[in-house]
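A.B. asks: Okay, here's the prediction I keep looking at, along with the sequence it came from:
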Amino acid sequence: MRLNKLVLTIFGMALLGGCAVAPTHPSLNDEALPPLVPVRDFVANVEGTGNYRISPDGRLLAWKGVSNLKPAVWVKTLAGGDMRAIPIRAAGVVWSGDSRFLFLTVDATGDENTHVFAVDLQQGDWRPVDLTPFKGAKSNLVRRVAGSPAVIVTSNQRDKKVFDLYRIDPTTGQQALMAQNPGNVWSWVVDREGRLRARSVKDDDGGYLQLREGEAWRTTIRWGKTDNWWIADFIPGGNSAWAVSNRGRDRQALVRIDLETGAEQVVHEDAAVDVEEVLMSQRAQAPLMAHSMPGYSSAKVFDAALAARLAPLQGGDPAAVYVGSLSDDEQSMTVNVGTDQGWKFYLLANASASPVLLGESNTDDVASSLGKTQPISYAARDGLAISGYLTLPPGVRQRPLPLVLLVHGGPWARDRWTYQSTNRSMQQFLANRGYAVLQVNYRGSSGYGRAFMEKAVGEFAGKMHDDLVDGVRWAVAQGIADPKHVGIYGASYGGYSALVGATITPEVFACAVDVVGIADLASWFEETPPYWELGKSWWARYVGDPADAAQRKLMDAKSPINHVANARNPILIMHGVNDPRVRLSQSQRMVNALRSQGKQVEFVAFQDDGHGNRKWTNNLTMYRQTEDFFAGCLGGRSSGFDYYQLGAWAF
């Protein structure tokens, strides 16, 4: 009854619309802008689906969607077509090796203390059961066990700084400790049969690999601080594996590695960027695909039969084609096909059957109102080649437009050409509002090799920020951007960049939006979650160690909170109250400091969310605040009040 009343209220208010705000920037006044896409279509479209996963036996399909306006995981019997929803907000969906259970990872409040739930599809109620009911602990799903209901997980329930390894039987809920972390294990390596084979150990020089022999551990390979590698799968018949590695080279490549000697044989590498992802064959235990993204998506398919099956889905235009899941016999698979405007999901049931469209992302119906994203590049002031992406409003002539510099987080991440990706489709949302949107993979971004990342050492609020400003200058020189109407938006490290832009280079940006950003580097470093302990030396190398007085002084000089007096333009700050990575106090202190100086600042706190919103209601607020804010300072348009805001309280 409550839901029916809510639906009637929402649709009863639909005719009220939302008092859309027309653009005021001169370059937009006489342009045929595309129809305004409602905010709800970006964040709460009930038709949008994703995360399609076929069961190992090929009989069942699971995916994430919506049921009764709330998040749910759906399960369908492929032969009979029967469907059923499990009402739960799951971050990840994984089948058990025997196809009986669904394992769901859930972060209910945004505090990142993730739990692993199991749903027994042989039980009538399909009730999710928490396999890791550890209060205040974070649990991660490592892998399923082939042919078995068992699942391997890590958890920091014993010691919040490190993760122990467990095997859990979902039929009984019994947890068996496989290995206790001595305090320096970075990761555990388990094979598909559920056997613990190796562990990665961190030390002051970098780290080393240990192979398990009975109850003992034997050290084999060592690596340096700037080496990065991980095992994709073991090769049968000895201590060798398929891996992605940059050991002895600048960029990550797909290699065959001898786990005794460390010797590597390169199987595939991209000439420009890192290999980022590998799909392994369950049957042949060999690589099927390797992915990279130099500009548009690039994929190397090693299996000719698979290449032939995927070819019809590529089409003539750029597209990113990923195999989302495979049945054990590899005859059935789900395939994700992405562009800059959305994703489509297909089922390939067998080698001879035509692809079946399963679903689409939430923007399929409005694709004509979205912009095209194109790779760009320019030289930074010190000559370093910088790559990125530009999205322009559709139907707008080439002329200086209001521009939003959209800065990705991490900073050990990168912007990608595909829709959603790092910035959750914000680039398309802003382009629809009339802005040119520039995304910059500044130095320190991942994916461009070791040397490119190393150039970020000590460069917070330095050359990393120069790369962003140089991107704005490039856009101005190209006639893309109006230099007096440039805004900056970012989350996490991107939020820090937005605050740096507002306080250290305020002459460049007319306004700034910071989401869960760092305001004070020293206090942020001291307040990181305990399970970051093994990785803090990496952060210290790039940003400084506040325990050292001289380094703390440098961190203070690079902290926006110490430059609030320089702020001259409007700032919008938004933060999830349960954020464990960047505490809410970072934004609260920044807001108070700005207000004490009489600066223009708006502040929004998101309840029941953390470092990046999971609830569509909070995303609705975030997008609405952003479009109204930028309309005021940059001159784009806003859709105004969205009637979904009326019912947001119920969710």
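C.D. replies: Nice, thanks for sending it over. Numbering: from 1, shown residues only.

A.B. asks: could you say what helices and strands the lengthiest strand in the chain packs with?
C.D. replies: Scanning the chain for the strand with the most residues, using DSSP state E, yields strand 481-491. Of the remaining helices and strands, those touching strand 481-491 by 3 or more CB pairs under 8 Å, 6 or more residues apart in numbering; DSSP states H and E are strand 401-407, helix 463-477, helix 493-503, strand 511-515, helix 616-634. C-beta: built from backbone N, CA, C; applies to glycine.

A.B. asks: Quick one: those as CSV, columns for mean neighbour count, mean pLDDT and distance to residue 226 too.
C.D. replies: Converted to CSV, the helices and strands packed on strand 481-491 look like this (neighbours: other CB atoms under 10 Å; pLDDT from 0 to 100; distance: least, CB to CB, whole Å):
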stretch, mean neighbour count, mean pLDDT, distance to residue 226
strand 401-407, 29, 98, 24
helix 463-477, 21, 98, 17
helix 493-503, 30, 98, 19
strand 511-515, 29, 98, 30
helix 616-634, 22, 96, 36
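
A.B. asks: Any idea which of these gets closest to residue 213?
C.D. replies: In this view, the helices and strands packed on strand 481-491 are compared for proximity to residue 213 by CB to CB, and helix 493-503 is the closest at 41.2 Å.

A.B. asks: Determine how far that closest one lies from the middle of the whole chain.
C.D. replies: Helix 493-503 has its average C-alpha position 19 Å from the chain's average C-alpha position, going by CA atoms, centre = their mean, to the nearest Å.

A.B. asks: now it against strand 511-515, angle please.
C.D. replies: 150 degrees (axes from the mean of the first three to the mean of the last three CA atoms, to 10 degrees).

A.B. asks: how close does the residue of the chain most remote from its centre sit to residue 250?
C.D. replies: With distances taken from the mean C-alpha point of the chain and given as CA atoms, centre = their mean, the most distant residue is residue 214, at 37.9 Å. For residue 214, the distance to residue 250 equals 38 Å [CB to CB, to the nearest Å].

A.B. asks: swap in residue 188?
C.D. replies: For residue 188, the distance to residue 250 equals 28 Å [CB to CB].

A.B. asks: ditto for residue 84
C.D. replies: Residue 84 sits 50 Å away from residue 250, taking CB to CB as the criterion.

A.B. asks: try residue 395
C.D. replies: Residue 395 sits 41 Å away from residue 250, taking CB to CB as the criterion.

A.B. asks: Neighbour count for these two, which is higher?
C.D. replies: Neighbour tally, residue 395 and residue 250, criterion other CB atoms under 10 Å: the higher count belongs to residue 250, 15 against 12.

A.B. asks: Number of residues surrounding the residue nearest to the more buried one when sequence neighbours are not counted?
C.D. replies: For residue 250, the nearest residue in space outside its immediate sequence neighbours is residue 449; the separation is 4.3 Å by CB to CB, 6 or more residues apart in numbering. Under the neighbour criterion other CB under 10 Å, residue 449 is assigned a count of 17.

A.B. asks: for residue 505, same thing?
C.D. replies: Residue crowding around residue 505 was assessed by other CB under 10 Å; the count is 18.

A.B. asks: Quick check: closest non-adjacent residue to it.
C.D. replies: residue 469 (6.0 Å).

A.B. asks: wait, isn't that neighbour in contact with residue 508?
C.D. replies: Yes: with contact defined as CB atoms under 8 Å, residue 469 reaches residue 508; the gap is 5.6 Å.

A.B. asks: which residues of the protein score low on pLDDT?
C.D. replies: Residues of the chain meeting the criterion pLDDT under 70: 1-18, 422-423, 647-651.

A.B. asks: for it, what spans make up the helices?
C.D. replies: Assigned by DSSP state H, the chain shows helices spanning 2-12, 26-29, 39-43, 304-314, 426-432, 450-454, 463-477, 493-503, 521-526, 536-543, 549-557, 584-596, 616-634, 644-647.

A.B. asks: Quick one: closest of these to residue 193.
C.D. replies: The minimum distance between residue 193 and those falls on helix 304-314, with 24.1 Å, by CB to CB.

A.B. asks: re earlier: could you dump the helices and strands packed on strand 481-491 into TSV and include distance to residue 164?
C.D. replies: Listed next are these as TSV, based on distance: least, CB to CB, whole Å:
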stretch	distance to residue 164
strand 401-407	36
helix 463-477	36
helix 493-503	30
strand 511-515	33
helix 616-634	33
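
A.B. asks: Figure out which of the ones you listed is closest to residue 38.
C.D. replies: Closest of the helices and strands packed on strand 481-491 to residue 38 is helix 616-634, at 9.9 Å (criterion: CB to CB).

A.B. asks: Show me what that closest one is packed against.
C.D. replies: The helices and strands touching helix 616-634, judged by 3+ CB pairs under 8 Å, 6+ apart, are helix 39-43, strand 401-407, helix 426-432, strand 481-491, strand 511-515, strand 571-576, strand 601-606, helix 644-647.

A.B. asks: what do you get if the cut-off is 7 Å, keeping everything else the same?
C.D. replies: Identification of packing neighbours for helix 616-634 by 3 or more CB pairs under 7 Å, 6 or more residues apart in numbering; DSSP states H and E yields helix 39-43, strand 481-491, strand 511-515, strand 571-576, strand 601-606.

A.B. asks: Could you check the angle that helix makes with strand 401-407?
C.D. replies: When the same axes, to 10 degrees is applied, the directions of helix 616-634 and strand 401-407 differ by 140 degrees.

A.B. asks: now helix 616-634: how far from the chain's centre is it?
C.D. replies: The chain centre lies 20 Å from the centre of helix 616-634; the measure is CA atoms, centre = their mean.

A.B. asks: Could you measure from residue 595 over to residue 601?
C.D. replies: Distance of residue 595 to residue 601, given as CB to CB: 6 Å.

A.B. asks: out of those two, which sits in the more crowded spot?
C.D. replies: Neighbour totals were compared for residue 595 and residue 601, and residue 601 leads with 21 against 13 (other CB under 10 Å).

A.B. asks: Who are the contact partners of the more buried one?
C.D. replies: For residue 601, the residues meeting the contact criterion (CB atoms under 7 Å, 6 or more residues apart in numbering) are 571, 573, 591, 594-595.

A.B. asks: same thing but at 6 Å, please
C.D. replies: Remark: with contacts taken as CB atoms under 6 Å, 6 or more residues apart in numbering, residue 601 is in contact with 571, 591, 594.

A.B. asks: Closest to residue 414 out of those?
C.D. replies: When the contacts of residue 601 are compared for distance to residue 414, the smallest value, 25.8 Å, is given by residue 571; criterion: CB to CB.

A.B. asks: quick one on the thing from earlier: right, so of the helices and strands packed on helix 616-634, which gets closest to residue 121?
C.D. replies: Between residue 121 and those, the tightest spacing by CB to CB is seen for helix 39-43, at 30.3 Å.
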